[in-house]
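Asks: Mind looking at a prediction? Sequence and model below.
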Amino acid sequence: MTTSLALDIGLAGLILAIGTWTVFARDSLAAVIGFVGYGLLLAVIWVRLSAPDVALTEAAIGSGMTGMLLLGAAARLRTERNHATGIGLRGRVAVGVLCVMISAGLAIVILFPPESIPTLAPAVMENLAQSGLGNPVAGVLFVFRALDTLLEKVVLILALLGIWSLAPDRAWGGVPGLRIYLEPSSTLTFLAQLLPPVGIVVGVYMCWVGANVPGGAFQGGTVLAAMWLLVMIAGLRNVPPIDRFWLRFLLVIGPVIFLAIGLAGFVLADAFLAYPAGYAKPLIVAVEVALTLSIAVTLGMLGAGPPERSQHS
Amino acid sequence: MTSFLVGTAGFVLGMAALGLFGIFLRPSETDRLMAAQLLGTDSIAGLVLLSITTETPSIVDVALMLALLAAFAAVAFVRSATSGGESNVAEETRHL
Amino acid sequence: MTILLNVFTVLAVVAGAFFFLAGTVGLLRFPDTLTRLHAITKADNLGLGLIILGLLPLASGPIQALKLISVWLLVQISGAIVTQLIARAVRQGGLQE
């Protein structure tokens, strides 16, 4: 048994253990910590599967952002304990059966693959050079399946609208109720002054190198969102009310520029989301920059939660 | 050399597993938080080792992201565990 | 020269792994929350530093080496501050022991 195989077996066992523990955890904080640990290990597993782009996204979303979002949801549930309805035994059994079916399906596909595995990877690698990009994942995201990426970004904004719609009527347009750190803490202030500059550099770096090596707008945007949330949690900056023009402008600038370039493709390159020859890479980089900003602001506002207080109170 | 480094990565992750098992036996909020910290640092060490063995420089970027986001997650946990449900609506927000 | 560098790498990585072991053992065996926090932060960060030091000769270039060192610096600094945060929350009774 080579050491690589032993490492992989160990990883698989560890993640199964953490997953089981998360499912059977007693209280929500323990379950969320378990889920965050699960995300951390999953990032390592993606690396072992030679998927660094996915590992980057998993490390960004699965550890930090999801943990924070789940904790916010759990805290909100805690304050409404009297309305709690458990899922019940039949619900749990139904969920279990569905999970087993999905796992069985995945196992069958992996253990008994068809003779010639259908894959478009060679076609991608052949045509990648035309677009000027070096990272095949960026090529798939922005050149070959750009429509999917555009729709994803719109879905992100729809999710934010869903969260905002939870606001009571009188608070619409007001300040999100992000729970900031109650104790004035010089330690947290120090962290919130030290980490964000590093985070901003890393976020910009992630977006910039995404064209040629693993990285991209989503990973960079998530780091920026996390840094912004850190600054707001430490109380160093106020949470903006949701009807601020600059906020809404930044939220939509990414999808709007993407859509505009896509529509311009009708005129300049005779297809929706087609790029004129030779201009593909600068256009894609412009789209990625705008998307990074939008994703950062969207995820930050997702973490901040629905508005709770009208700003004129 | 390569299998030695991979073996070290496995050992480090095994240390994380050991720590998690110990936490499992001693359930308390802070211990679970420390388990997450332990897992984060051990994963970063494992990723750095794997980056060198597989000669893929982008894995160090994953470790960088993990470091930043793990610190952020820890702050979110401590805030959630200590705040107890008060939102900033109930507090004056400081102006800078 | 290469033999010397390889020996250096092996020694540093083994020392780093030993400190990781020490950190986990401390987490399991120390009596008190604050001492356990101390164990996983100090020992693990030192272990990470030694491992990265050992990997520097194998890095693919000066940029890669600088990136490795900056990862370690980031983990060291943020780990120290986050530990202070957790310890203060424990000490003030916000986090249950």
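Replies: Now that the structure is in, tell me what you want to look at.

Asks: So in chain C, where's the weakest helix or strand by average pLDDT?
Replies: Every helix and strand in chain C was compared by mean pLDDT, DSSP states H and E; the lowest is helix C:33-38, with a mean of 87.

Asks: Following that helix in sequence, what is the next regular element?
Replies: helix C:44-55 (DSSP states H and E).

Asks: do the next helix-or-strand element following that following helix and chain B meet?
Replies: Sequence order places helix C:62-91 as the next helix or strand after helix C:44-55, per DSSP H and E. Yes - looking at helix C:62-91 against chain B by C-beta under 8 Å from any C-beta of the partner chain, the contacts come from C:64, C:67-68, C:70-71, C:74-75, C:78-79, C:81-83, C:85-86, C:89-90. Heads up, the C-betas are built off the backbone N, CA and C, glycines and all.

Asks: Show me the two of these that sit farthest apart.
Replies: Using C-beta to C-beta, those span at most 38.3 Å, a distance reached by C:64 and C:90.

Asks: More neighbours: these two, which one.
Replies: With neighbours defined as other C-beta atoms under 10 Å in any protein chain shown, residue C:64 and residue C:90 compare such that residue C:90 has more, 22 against 17.

Asks: who touches that one in this structure?
Replies: B:30, C:33-34, C:37, C:97 (C-beta atoms under 8 Å, 6 or more residues apart in numbering or on different chains).

Asks: now those residues: which count as buried?
Replies: The neighbour-count test (16 or more other C-beta atoms under 10 Å in any protein chain shown) marks B:30, C:33-34, C:37 as buried among these.

Asks: Distance to residue C:50 added to those residues, as JSON lines?
Replies: Converted to JSON lines, those look like this (distance: C-beta to C-beta, whole Å):
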{"residue": "B:30", "distance to residue C:50": "27"}
{"residue": "C:33", "distance to residue C:50": "26"}
{"residue": "C:34", "distance to residue C:50": "25"}
{"residue": "C:37", "distance to residue C:50": "21"}
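
Asks: Please identify which of those is nearest to residue C:23.
Replies: So of the buried ones among the contacts of residue C:90, ranked by how close each gets to residue C:23 (C-beta to C-beta), first place is residue C:37, at 10.9 Å.

Asks: Pull the residues that contact stretch B:19-37.
Replies: The contact list for stretch B:19-37 (C-beta under 8 Å, 6+ apart) reads A:14, A:17-18, A:21, A:26, A:29-30, A:33-34, A:36-37, A:40, B:38-39, B:42, B:70, B:73-74, B:77-78, B:81, C:24, C:27-28, C:33, C:36-37, C:40-41, C:79, C:82-83, C:86, C:90, C:95-97.

Asks: Alpha carbons of it, as PDB, please.
Replies: C-alpha atoms of stretch B:19-37 as PDB (Å, rounded to 0.1, in the frame of the first residue of the first chain):
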ATOM      1  CA  GLY B  19      -7.700  15.500  18.400                       C
ATOM      2  CA  LEU B  20     -11.300  15.300  17.000                       C
ATOM      3  CA  PHE B  21     -11.800  11.900  18.700                       C
ATOM      4  CA  GLY B  22     -10.700  13.400  22.000                       C
ATOM      5  CA  ILE B  23     -13.100  16.300  21.500                       C
ATOM      6  CA  PHE B  24     -15.900  13.800  20.800                       C
ATOM      7  CA  LEU B  25     -15.300  12.300  24.200                       C
ATOM      8  CA  ARG B  26     -15.400  15.700  25.900                       C
ATOM      9  CA  PRO B  27     -18.200  17.700  24.600                       C
ATOM     10  CA  SER B  28     -18.200  21.400  25.400                       C
ATOM     11  CA  GLU B  29     -18.600  24.500  23.200                       C
ATOM     12  CA  THR B  30     -15.000  25.700  23.600                       C
ATOM     13  CA  ASP B  31     -13.600  22.300  22.900                       C
ATOM     14  CA  ARG B  32     -15.500  22.000  19.700                       C
ATOM     15  CA  LEU B  33     -14.300  25.400  18.600                       C
ATOM     16  CA  MET B  34     -10.700  24.300  19.300                       C
ATOM     17  CA  ALA B  35     -11.300  21.200  17.300                       C
ATOM     18  CA  ALA B  36     -12.200  23.300  14.300                       C
ATOM     19  CA  GLN B  37      -9.100  25.400  14.900                       C
END
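
Asks: mind listing which of the contacts of stretch B:19-37 are in helices?
Replies: The helices, defined by DSSP state H, take in A:14, A:17-18, A:21, A:29-30, A:33-34, A:36-37, A:40, B:38-39, B:42, B:70, B:73-74, B:77-78, B:81, C:24, C:27-28, C:33, C:36-37, C:79, C:82-83, C:86, C:90 from those.

Asks: Quickly name whichever of the buried ones among the contacts of residue C:90 is closest to residue B:61.
Replies: residue C:37 (28.4 Å).

Asks: hang on, that closest one packs against residue C:86?
Replies: Yes - look at residue C:37 against residue C:86 with C-beta atoms under 8 Å: they come within range, at 6.1 Å.

Asks: Out of the ones in helices among the contacts of stretch B:19-37, which end up buried?
Replies: Among the ones in helices among the contacts of stretch B:19-37, the ones that count as buried by 16+ other C-beta under 10 Å are A:14, A:17-18, A:21, A:29-30, A:33-34, A:36-37, A:40, B:38-39, B:42, B:70, B:73-74, B:77-78, B:81, C:24, C:27-28, C:33, C:36-37, C:79, C:82-83, C:86, C:90.

Asks: pLDDT score for the closest residue to residue C:36 other than its chain neighbours?
Replies: Of all residues not flanking residue C:36 in the chain, residue C:30 sits nearest, at 4.8 Å (C-beta to C-beta, 6 or more residues apart in numbering or on different chains). What the model reports as pLDDT for residue C:30 is 87.

Asks: Same check on residue A:110?
Replies: 85.

Asks: Figure out how far the host helix or strand of it is from the centre of its chain.
Replies: Under the criterion of DSSP H and E, residue A:110 resides in helix A:88-111. Centroid separation between helix A:88-111 and its chain, computed with C-alpha atoms, centre = their mean, to the nearest Å, is 25 Å.

Asks: distance between the ends of stretch A:273-282?
Replies: 14 Å (C-alpha to C-alpha, to the nearest Å).

Asks: Tell me which residues are up against it.
Replies: Applying C-beta under 8 Å, 6+ apart, the contact partners of stretch A:273-282 are A:130-133, A:143, A:146-147, A:150, A:211, A:261-262, A:265, A:268-269, A:283-284.

Asks: let's see 7 Å
Replies: Defining contact as C-beta atoms under 7 Å, 6 or more residues apart in numbering or on different chains, one finds that stretch A:273-282 is touched by A:131-133, A:143, A:146-147, A:211, A:262, A:265, A:268-269, A:283.

Asks: tell me which of the residues you listed is nearest to chain B?
Replies: Closest to chain B out of the contacts of stretch A:273-282 is residue A:211 (13.1 Å), distances taken as C-beta to the nearest C-beta.

Asks: how about stretch C:8-15, does it reach chain B?
Replies: Yes - counting by C-beta under 7 Å from any C-beta of the partner chain, chain B has neighbours in stretch C:8-15: C:10, C:13.

Asks: Quick check: buried residues in that stretch?
Replies: Quick answer for stretch C:8-15 (16+ other C-beta under 10 Å): C:9, C:12-13, C:15.
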